[in-house]
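Visitor: curious how this folds, go ahead:
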Amino acid sequence: MRVRILGIGMGPQHVTPEASAALRAADYVIAAEKSADDPLLDVRRRIAADHDVPVVAVPDPRRDRVSTGSTTGDSDYRRAVTDWHDARVAAYEAVLAERGGTAAILVWGDPSLYDSSIRIVSAIAERGVVEVEWDVLPGISAVQLLAARHRIVLNDIGLPVHVTTGRRLREEVEDGLDNLVVMLNRTLDLAGLEDWRIWWGGNLGGAGEELVAGRVGEALPLIEEARERARAAAGWVMDLYLLRRP
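Guide: This next block holds a predicted model:
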């Protein structure tokens, strides 16, 4: 039994030849179904159909959004996400036990950044209820697309770039970090950072792609409008940005 974790970027146009070959050799795709009209599942179905592979949709376990909100502490957040991941482990494990063969999991962007698939499959292998071999193939990440679309280098000369999440942004800025890629943004809380420079992108490489760059104070209203356009075009919005102190 084998599981292949495949990065697919933002859709069919980003599936690498390596991932494409792995997908064609798979027996089926395991994909989380988050709602009855899950648009992200629809894209996975389209990619799988292009490779003549069936999709096994697994209803995604409910996640405790109260304990994972931006105002909760790290311990509450980690506990809620861990419980959610444990439920996913059990659900995916049941599919593998029933179907066997080679399964593929299609990951938005690249599996190395803010995705649970590696942790889930690793946990399945460690539990030993089903014996699986597994590997990971990289994909084009949203971070790469952000830099390419804005024609920028993420770090200044000889300096680092810090990748974080929207819920941790304030803490990172207070700690003195001044060149940040910020992902997983439920809201854009940039009050007090009006003089910083921002390079923002929404739904990069997909339907309703939007770009905004400039001084935060001037760009923020444009970003809010762009987020709504992206959501209207695709049914969802996934955005990120590079934020740099002047």
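
Visitor: helices or strands up against the lowest-mean-pLDDT helix or strand in the chain?
Guide: Across the helices and strands of the chain, mean confidence by mean pLDDT, DSSP states H and E is lowest for helix 74-99: a mean of 85. Under the contact definition 3 or more CB pairs under 8 Å, 6 or more residues apart in numbering; DSSP states H and E, helix 74-99 sits against strand 28-33, strand 55-59, helix 117-127. To be clear about C-beta, it is placed using only N, CA and C from the backbone, and glycine gets the same treatment.

Visitor: would you turn those into a markdown table with mean neighbour count, distance to Thr16 and mean pLDDT?
Guide: Output for those, formatted as a markdown table (neighbours: other CB atoms under 10 Å; distance: least, CB to CB, whole Å; pLDDT from 0 to 100):
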| stretch | mean neighbour count | distance to Thr16 | mean pLDDT |
| --- | --- | --- | --- |
| strand 28-33 | 20 | 16 | 96 |
| strand 55-59 | 16 | 20 | 95 |
| helix 117-127 | 17 | 17 | 95 |
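
Visitor: mind putting the ones you listed in JSON lines, distance to Asp156 included?
Guide: JSON lines is the format used below for those (distance: least, CB to CB, whole Å):
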{"stretch": "strand 28-33", "distance to Asp156": "38"}
{"stretch": "strand 55-59", "distance to Asp156": "43"}
{"stretch": "helix 117-127", "distance to Asp156": "30"}
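
Visitor: if we can go back for a sec, now the angle from the least confident helix or strand of the chain to strand 55-59?
Guide: Angle, helix 74-99 to strand 55-59, by axes from the mean of the first three to the mean of the last three CA atoms, to 10 degrees: 140 degrees.

Visitor: now the angle between helix 117-127 and helix 74-99, please.
Guide: Helix 74-99 and helix 117-127 are oriented at 60 degrees to each other (the same axes, to 10 degrees).
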